[in-house]
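[1] what's the 3D shape of this:
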Amino acid sequence: MAPYDELLAALEVELKRGTLTLAVLSQLQTPKYGYSLLQDLVDKHVDIEAGTLYPLLRRLEKQGILTSDWDTAESRPRKYYTLSATGNEIFKKLSDNWRSMTRQIEQLLGGEDNGDH
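    Okay, the predicted model is just below:
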């Protein structure tokens, strides 16, 4: 891989890192187990792999943003994740921040009327 391609790839990873957390939180208003969450995100064209998702879920649970419960009713036990009360508040704040930042970036990139007439 050429140095330019390596640099671009590294910057793209950096750009996506925080957005993946917001994407995951957005899908956990109702309980979901890891694989179903992964499929939902992929179906919605979010580029995420299991090797990224599962550690993220464990980290968010450790931080108190998610709660989890095991469902052992079926032949294969599944761990279901959902937003905690703190997670709901954090999700709302991050969503507001995301909307504000995207408006600012759109203005900088010339995607919205920035008031210059």
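[2] Now do the closest residue to Y54 other than its chain neighbours: how many residues are near it, please.
    Nearest non-adjacent residue to Y54, counting by CB to CB, 6 or more residues apart in numbering: G34, 5.9 Å away. Glycine gets a C-beta too; all of them are placed from N, C-alpha and C. By the criterion of other CB atoms under 10 Å, G34 has 17 neighbours.
[3] Contacts only, for G34.
    50, 53-54, 57, 78-79, 81 (CB atoms under 8 Å, 6 or more residues apart in numbering).
[4] any idea how far it lies from T102?
    28 Å (CB to CB, to the nearest Å).
[5] Which of the helices and strands in the protein ranks last by mean pLDDT?
    helix 3-26 (a mean of 92; mean pLDDT, DSSP states H and E).
[6] Show me what secondary structure element comes after it.
    Proceeding N to C from helix 3-26, the next assigned helix or strand is strand 32-33, under DSSP states H and E.
[7] Show me which residues of stretch 84-99 are buried.
    By 16 or more other CB atoms under 10 Å, the buried positions in stretch 84-99 come out as 84, 87, 90-91.
[8] Restricted to helices, list those residues.
    Using DSSP state H, 87, 90-91 are the members of the buried residues of stretch 84-99 that sit in helices.
[9] thinking again about what came up before, tell me which strands and helices the least confident helix or strand of the chain is in contact with?
    Packing contacts for helix 3-26, counted by 3 or more CB pairs under 8 Å, 6 or more residues apart in numbering; DSSP states H and E, involve helix 34-43, helix 50-62, helix 85-109.
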